[in-house]
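Engineer: Output the structure for:
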Amino acid sequence: MLAEYESPSIRELVRQCDVLDYTYEPKKWIGDWKNDAADKFIRELNSEKIKQEHKFSVNLTPMLEMENLYPYMLDELKRLLDVKRRMLYLKDAKVINYLSEIGPDIDIPSLNLGEYPAIEATCFAVLSMLIEQKNLIERPKMPTKQDRSYKIGVR
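Structural biologist: The predicted structure is shown next:
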């Protein structure tokens, strides 16, 4: 389920995320937690809450550290939206309109963080979930029986 909300105001975005937090109860929120204005407002929001209530927080995505963020995001979205093996459905989503604005005349590697926030937000959420899912699948399972053949320093 994708909920879309746009606002030029950081305070309004954070407040809406806090409302959606109670509506959908997501496992976590993904984004740029280095934003000072957002961080200040999140702390303000959380200070108003009763101690027993869930505190709102934003988790950093490693994608923010990437040099070529847009080529990666757009390639992944294209792969996920491919009609032959569709893994993501964005019917009537605003982000589809933003994707259509990026034509062949746009120099994708030169796009900077913040130029298409709806695309970025969608990618941060969807791609982070896929990465997390992949890590869970590839992580070796914990043994159900103790391996008594293991010896320290012996391979």
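Engineer: How much space separates A37 from I10?
Structural biologist: According to CB to CB, to the nearest Å, A37 stands 5 Å off from I10. C-betas here are computed from N, CA, C, even on glycine.
Engineer: between those two, which one's more packed in?
Structural biologist: I10 (16 against 11; other CB atoms under 10 Å).
Engineer: gap between the helix ranked longest in the chain and the chain center?
Structural biologist: Counting residues, the longest helix found in the chain (DSSP state H) is helix 117-138. Centroid separation between helix 117-138 and its chain, computed with CA atoms, centre = their mean, to the nearest Å, is 5 Å.
Engineer: cool, stretch 64-72 as well?
Structural biologist: For stretch 64-72, the distance to the chain centre is 14 Å (CA atoms, centre = their mean).
Engineer: And it, what's buried?
Structural biologist: L69, Y70 (16 or more other CB atoms under 10 Å).
Engineer: Could you chop this protein up by domain?
Structural biologist: The chain breaks down into these domains under automatic domain parsing: 1-60, 63-138.
Engineer: As TSV, those domains with mean pLDDT would be great.
Structural biologist: Below are the domains of the chain laid out as TSV (pLDDT from 0 to 100):
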stretch	mean pLDDT
domain 1-60	76
domain 63-138	86
